[in-house]
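[1] sequence and computational prediction follow.
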Amino acid sequence: MAPSFDDGNFLFDFVVQKGNGVKGLVDNGIKIVPERYIQPPNERIDKKIINSRIQQKYQELVAIDLSKLNGPENDQVVRDISIAAETLGFFQVINHGINLELLELLKNAAHKFFSQPPEKKALYLKGVSPSPLVKYGTSFVPEMEMALEWKDYVSMMYTNDNEALSQWPNECKEVALEYLKSSTKMVRKLLEILFGNLGATLDDTKFESLTGLKMVNMNFYPTCPSPELTVGVGRHSDMGTLTVLLQDGIGGLYVKLEEAVEEGKDEWIEIPPIPGALVINVGDTMQILSNGRYKSAEHRVRTTSSESRVSVPLFTTPKPSEKIGPLPQLVEIDGVAHYKEVLFGDYMQNFFGKAHEGKKSLDFAKNNSA
Ligand SMILES: O=C(O)CCC(=O)C(=O)O
């Protein structure tokens, strides 16, 4: 008899605990989205509400050619990066120095990992994974979520090259490590620019303190029979410093417009796939450090019925033992610290202890007396 995915407990056990993931559901031929995945109406993503005028305005801002940093247009590129970080919190980069063939291999490796039989992936489930660096799972924190996200993932934490090559999954370890290493150089350049724009300098110690923990994730969004009812990833901001994201050509990554939020509106734009480009987004740590000048972007992902989507984020974050807080020189200029100093380990624990809920993660560091 075919399993009944209408039974919430059976579904949870099959998808989450046994590690079949959403892909396991889809491979079982489901035609109807199970109740547990149906988002409340206010969390669903209506493609039609995207305002094309606003989309056009931001399109110009979002693709930045990093090779121009080495020529006469350097100042303009520095300005574009700074403005993007201060407004949308998202931008795309082209001519970023990361091998384009590597980016193709990464997407293939993600498909290869997720196309394995469930029992192979389940080896890396939380609690049984042979490596503390590798975790395979589905949704964000399934135990805490009213509606699950339509996404499976594998997460690979970086400690050193040897551990990555001996512990990360064979299907993706080499390309994921290469991606991490070549992207880190670009992240350093971007952070130098963003620090310069704040009137501060980024030395080796500061760089290490802001990016000492790195994780490469591979996300897999299977096709969904009713995309209008589900989300791939719910509204959230990233907790770290900068995220580098490789997306394939399917599309579906949406960012909330901060300027609209300030006017009390809820407007989103899509970050369109651009062949060869990487997406960069500002995380909570940069919003805190800049005393609110840089915007950690609220974003979410739509599902589709036509093709499975993969994305590969590299999260750069402080180590759990680091303290994060606004730069003192900015507090002096502003006359107020909008955030208090917190231990990043505590910030992380709070972040992973709750379901995604927009930019609520930042409340943990808000200075309520400011
Ligand atoms: O898949 C994407 O485009 C974004 C993924 C994301 O937001 C995340 O993994 O936190």
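    Here it is on my side, so go on.

[2] quick one: is stretch 11-25 near the ligand?
    No: using Cβ under 6 Å from any ligand atom, stretch 11-25 never reaches the ligand; the gap is at least 13.7 Å. Just so you know, the C-beta spots here come from the backbone N, C-alpha and C atoms, and that holds for glycine as well.

[3] how about that stretch: buried residues?
    The neighbour-count check on stretch 11-25 (16 or more other Cβ atoms under 10 Å) flags 11-12, 14-16, 19-25 as buried.

[4] between these, which is nearest residue 142?
    Closest approach to residue 142 among the buried residues of stretch 11-25 (Cβ to Cβ): residue 16, at 4.7 Å.

[5] what about the residue lying closest to that closest one once chain neighbours are set aside, how many neighbours?
    Counting by Cβ to Cβ, 6 or more residues apart in numbering, residue 16 lies nearest to residue 142, which is 4.7 Å off, once chain neighbours are set aside. Around residue 142 there are 16 other residues, counting by other Cβ atoms under 10 Å.

[6] biggest separation within the buried residues of stretch 11-25, which pair?
    Every pair in those was compared (Cβ to Cβ); the two farthest apart turn out to be 12 and 23, at 15.7 Å.

[7] and the single nearest residue of the stretch 151-300 of the chain relative to the ligand, what is it in contact with?
    Closest to the ligand within the stretch 151-300 of the chain is residue 253: 3.8 Å, counting by Cβ to the nearest ligand atom. By Cβ atoms under 8 Å, 6 or more residues apart in numbering, the contact set of residue 253 is 245, 247, 270-271, 279, 299, 301-302, 311.

[8] show me what it is bridged to.
    Using DSSP bridges, the bridge partners assigned to residue 253 are residue 301.

[9] just to revisit the earlier point, quick check, pLDDT for the residue nearest to residue 16.
    pLDDT recorded at residue 142 is 92.

[10] let me see the contact set for it.
    Residue 142 makes contacts with 12, 15-16, 148, as judged by Cβ under 8 Å, 6+ apart.

[11] phi, psi for it please.
    When quoted as degrees, to the nearest 10, the phi and psi of residue 142 stand at phi -50, psi -40.

[12] ditto for the one 5 residues further on
    Here the main-chain torsion angles of residue 147 (degrees, to the nearest 10) amount to phi -120, psi 130.

[13] let me know the secondary structure of the closest residue to the ligand within the stretch 201-350 of the chain.
    Going by Cβ to the nearest ligand atom, the ligand is nearest to residue 311 of the stretch 201-350 of the chain, at 3.2 Å. When classified by DSSP: H, G, I helix; E, B strand; the rest coil, residue 311 comes out as strand.

[14] near the ligand, which residues of this structure?
    Neighbours of the ligand within the chain, by Cβ under 6 Å from any ligand atom: 217, 219, 233, 238, 245, 247, 253, 299, 301, 311, 313.
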